[in-house]
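S.K.: here you go, sequence then predicted model.
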Amino acid sequence: MPTYTNPVYNGYFADPFVWHHEGIYYAIGTGAAEAEGEVEVQLRVFPLLRSENFVAWEFAGNALLRPDAALGDNFWAPEVAYWDGTFYLYYSVGHGDKQHQLRVATSDRPLGPYEDIGEPLLKLETYPFAIDPHPFRDDDGQWYLFYARDFLDTEAGARVGTAIVVDRLQTMTTLAGTEQTVLRARSEWQRFLANRPMYEGVYDWHTLEGPCVRKHKGRYYCFYSGGRWETEEYGVDYGIADRITGPYSDAGNENGPRVLRTVPDRVFGPGHNSIVFGPDHQTEYVIYHAWSADRSARRMCLDKLIWTPDGPRCQGPTWTPQTI
């Protein structure tokens, strides 16, 4: 039986999204240049990986033909959906933590090249910071887009900061405009930064990001990453709902993330996950990034997803050899 040891790819590969198509596994993520805003000389952005056995991953080029440079140099958190013969690449682009917008590009091949459709999914004037798009197809065939955006209100005890919403996809490249709030930050471990200057004010800023949705036994589970991505408090938790648009509840996480969290002296800041079935087509795996020992790079890892009576848990993070 094949084995792996995390990380499964040694290059910089944050926000990993993995999908399976015609017998091959593909992964797309945020590379070092995309994360640090150094893509000026690149004709394509977003690194791609390819694997035939889910264990050995090889670099397969970059995915996206770079759109207008005026959009920004930071390209974050790509995800791919396949529908009706076309691959749709959802991503965000902007100028650091200012003016970040959601966009979509298309290709007829999983490795691209993907070409931007020329229009944002959301108006920048209305949504000056929107990131981490996650497409999800429900059982009835309807597609939805989960993503993270900023909130400044504290209604019902919610914390100011970045949080998760969902909208119906009218087509694969247009949103219906019926956005619903999925989850807002409400716990101390979800703090991004105290006294953060934002939007002409100063806030105790909290962050929920990186949504990933699974339907299990009739209920919707929205996995997310909370806290500051550079710290040991960062980890993966989830909310549960009976309907795709909510209401969702993540009660029970007051003491920290329940799916993935830092293991002192072993694994630092695991987060921003996707979920895919392994080679047996039955076992689900959480794909996530974690920091290297010297904190110089975020690298792709994977571990089994376990459905327990108390909710979903990850059999990880691991750092020793594991069996597929």
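M.R.: Great, that's in hand. Numbering: from 1, shown residues only.
S.K.: helices along this protein, start to end?
M.R.: Remark: helices assigned in the chain by DSSP state H are 32-36.
S.K.: same for the top strand by length along it, what does it pack against?
M.R.: Using DSSP state E, we find that the single longest strand of the chain is strand 201-216. With contacts taken as 3 or more CB pairs under 8 Å, 6 or more residues apart in numbering; DSSP states H and E, strand 201-216 sits against strand 130-137, strand 143-151, strand 161-171, strand 191-198, strand 219-226, strand 268-277. For glycine as for every other residue, the C-beta is placed from the backbone atoms N, C-alpha and C.
S.K.: give me the sheet partners of it and which way each runs.
M.R.: If you go by DSSP bridges, strand 201-216 pairs up with strand 161-171 (parallel), strand 191-198 (antiparallel), strand 219-226 (antiparallel).
S.K.: for the last one, which positions count as buried?
M.R.: So the one you mean is strand 219-226. Residues of strand 219-226 classed as buried by neighbour count (16 or more other CB atoms under 10 Å): Tyr220, Tyr221, Cys222, Phe223, Tyr224, Ser225, Gly226.
S.K.: which residues are contacting that strand?
M.R.: For strand 219-226, the external contacting residues (CB atoms under 8 Å, 6 or more residues apart in numbering) are 146, 164, 182-183, 185, 187, 189-190, 206-215, 234-244, 248, 257, 259, 271-273, 275, 311-312.
S.K.: next one, pLDDT for the most centrally placed residue in the chain please.
M.R.: Closest residue to the average C-alpha location of the chain: Gly210 at 3.4 Å, with CA atoms, centre = their mean. On the pLDDT scale, Gly210 is placed at 98.
S.K.: dump the residue contacts of it.
M.R.: With contact set as CB under 8 Å, 6+ apart, Gly210 has these partners: Asp15, Ala77, Asp132, His134, Ala148, Phe223, Tyr224, Ser225, Val236, Gly271, His272, Asn273.
S.K.: burial count for the fourth one?
M.R.: Right, His134. When neighbours are counted by other CB atoms under 10 Å, His134 registers 24.
S.K.: still on that earlier bit, now the buried members of the contacts of strand 219-226.
M.R.: Buried, going by 16+ other CB under 10 Å: 146, 164, 182-183, 185, 187, 189-190, 206-214, 234-241, 244, 248, 257, 259, 271-273, 275, 311-312, out of the contacts of strand 219-226.
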